[in-house]
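S.K.: Pasted the sequence and its predicted model underneath.
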Amino acid sequence: MKKKKKSNKFLIRRILAILVIILLILGIRNAIYQFKNKSQTKQIRLLFNNELTKLSNPIYAENSVLYLSEEDVKNLFDDTIYYNKGDQELITTYNKHVAVLHLNENQMIVNDSVLGIYGSLKELDSKIYLPISDLGIVYDIEIEYVDTTKLLIMDSTTKAKKKAMVLNDTKVKSSKLPFAMTVEKIRKG
């Protein structure tokens, strides 16, 4: 009888020890993930049509204007984008729009109409950057920037949209697995 009680106690202690070890491993994994995310949130991320998009160059922000590199615009919208170094002008097309931007000028020409813009075409680190926050009309996109999460949200206006309302505070997980890490927190409403 005493041996059975001892073996039961030993088994319970062993199970508790295993559970504590599992919880420690999950806690350490979550801490590493959170630490990684904090270092990444210094850079602005792009959520394009509800997908986190990997960019070749960082997004640049200046005076509430956001800039994407010519290379990234080429990959996202216009593979025929052209920059003329001699005239310091960039020509970009998308669907039915043709836009011309000049280096360091706060205006652009879209389909023969001159429009004032907040940003300008810039050269940074030997690369050309476009003021993407001013180009919604050219690329048929809605743009929103969330400073607290360093997230640039771009949605195509030509694609169907689906909106949802969250009824309770919830967490967005990195996968469907039960112990997946929290990627983002969403507030009710």
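M.R.: Everything's here; your move.
S.K.: Asn50 and Thr149, how far apart?
M.R.: Distance, Asn50 to Thr149, by CB to CB, to the nearest Å: 15 Å. Quick note: C-beta positions are derived from backbone N, CA and C, even for glycine.
S.K.: Give me the more crowded residue out of the two.
M.R.: When neighbours are counted by other CB atoms under 10 Å, Asn50 and Thr149 differ, and Thr149 comes out ahead with 14 against 10.
S.K.: my guess is the more buried one contacts Glu184, does it?
M.R.: Yes: assessed by CB atoms under 8 Å, Thr149 is found in contact with Glu184 at 7.4 Å.
S.K.: just for the protein, where's the confidence low?
M.R.: By pLDDT under 70, the weakly predicted segments of the chain are 1-6, 36-41, 159-163.
S.K.: Do a quick rundown of the helices in it.
M.R.: Remark: helices assigned in the chain by DSSP state H are 2-40, 70-76, 136-139.
S.K.: Just the buried positions in the last one, please.
M.R.: By neighbour count, and taking 16 or more other CB atoms under 10 Å as the criterion, the buried residues in helix 136-139 are 137-139.
S.K.: how does the chain divide into domains?
M.R.: 2-40+166-186, 45-156 (automatic domain parsing).
S.K.: Deepest-packed of the ones you listed, please.
M.R.: domain 45-156 (a mean of 16; mean count of other CB atoms under 10 Å).
S.K.: start to end distance for that one?
M.R.: 17 Å (CA to CA, to the nearest Å).
S.K.: try stretch 57-73
M.R.: Rule used - CA to CA; the end-to-end distance of stretch 57-73 is 10 Å.
S.K.: Please report how far Lys150 lies from Gly86.
M.R.: Lys150 is 36 Å from Gly86, by CB to CB.
S.K.: Please apply the same query to Lys74.
M.R.: 20 Å.
S.K.: Apart from its neighbours in sequence, what residue is nearest Leu68?
M.R.: Ile132 (4.4 Å; CB to CB, 6 or more residues apart in numbering).
S.K.: which residues touch the one you found?
M.R.: Listed by CB atoms under 8 Å, 6 or more residues apart in numbering, the contact set of Ile132 reads 59, 66-68, 73, 143, 152, 154.
S.K.: If we use 10 Å, what do you get?
M.R.: 46, 59-60, 65-69, 72-73, 76-77, 119, 138-139, 141, 143, 145, 152, 154 (CB atoms under 10 Å, 6 or more residues apart in numbering).
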